[in-house]
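> After the sequence you'll find the predicted model.
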Amino acid sequence: MDTQLRAGTIRTIKEVWWDIRPHPDFGTVEIRIADAVPTFREIGMVAALAQCLVQLFDSQLDRGYQLPIRSPWVIRDNKWRAIRYGLDATVITDDAGATAPLRDEIYELLRDLEPVAWRLGCAQELAVASEVLECGASYERQRAAYSGDGDLTSVVDALVTEFAEDRFVLYGDGGHGG
């Protein structure tokens, strides 16, 4: 960022768009959320996930562990896969090209973060991530609402209900958004 500031590429840190970035003025870690989450429970889940990851990585660094580093091409490709296929993506898990279902990788991550969440007092919030994996993310629930009636009004109604009642609205069998 200093180089970009000196070169005149940017005028302030606010012009740098990263998915995750440290904020030098506040001593915080900022995360970008691509889409709004419709319930307060999911907002708490995202906050708990971020808090647990930062705490886990911080403690690992304090113990001398080196955090895993993936090649830029792996990161770019996984990002594309997640954008294209959502939670049903198969992601690259190492630089040799091994792959695994994203949902499985998230379940494994949640198991690793559970003790951290209990220590931080956010285990209940983190547990919502398992519900999302089972019931479907918002995009999956919205698609299920649309496919039920073929009418966008049902999607808006479902989102209003989810926000007002802080719960998931499920259609069909309820698995992965119906």
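Yes, it's here. Numbering: from 1, shown residues only.
> So which bits of the longest helix seen in the chain are buried?
Longest helix of the chain, by residue count under DSSP state H: helix 40-62. Neighbour counts over helix 40-62 (16 or more other C-beta atoms under 10 Å) mark 41-45, 48-49, 51-56 as buried. (Each C-beta comes from the backbone N, C-alpha and C, glycine too.)
> likewise stretch 120-130?
Buried residues in stretch 120-130, counted by 16+ other C-beta under 10 Å: Leu120, Cys122, Ala123, Glu125, Leu126, Val128, Ala129.
> The residues you listed in helices, which ones?
Those of those lying in helices (DSSP H): Leu120, Ala123, Glu125, Leu126, Val128, Ala129.
> what's the closest of the residues you listed to Ala96?
Ala129 (27.8 Å; C-beta to C-beta).
> For the closest one, give me the pLDDT.
Looking at Ala129, its pLDDT is 97.
> Show me what counts as buried in the next helix or strand after the longest helix of the chain.
Next helix or strand after helix 40-62 toward the C-terminus (DSSP states H and E): helix 72-85. Buried residues in helix 72-85, counting neighbours by 16+ other C-beta under 10 Å, are found at Val74, Asn78, Arg81.
> what's the closest non-adjacent residue to Phe168?
Among residues not flanking Phe168 along the chain, Cys135 sits closest, at 4.9 Å (C-beta to C-beta, 6 or more residues apart in numbering).
> Can I get the buried residues of helix 40-62 in a markdown table including distance to Leu110 and pLDDT?
Below are these laid out as a markdown table (distance: C-beta to C-beta, whole Å; pLDDT from 0 to 100):
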| residue | distance to Leu110 | pLDDT |
| --- | --- | --- |
| Arg41 | 15 | 93 |
| Glu42 | 14 | 93 |
| Ile43 | 17 | 91 |
| Gly44 | 14 | 93 |
| Met45 | 10 | 95 |
| Ala48 | 10 | 96 |
| Leu49 | 8 | 95 |
| Gln51 | 14 | 94 |
| Cys52 | 9 | 97 |
| Leu53 | 11 | 94 |
| Val54 | 16 | 91 |
| Gln55 | 14 | 95 |
| Leu56 | 12 | 96 |
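> sorry, back to before: just checking, what packs against the longest helix of the chain?
Using 3 or more C-beta pairs under 8 Å, 6 or more residues apart in numbering; DSSP states H and E as the contact criterion, the elements in contact with helix 40-62 are strand 28-31, helix 102-120, helix 123-135.
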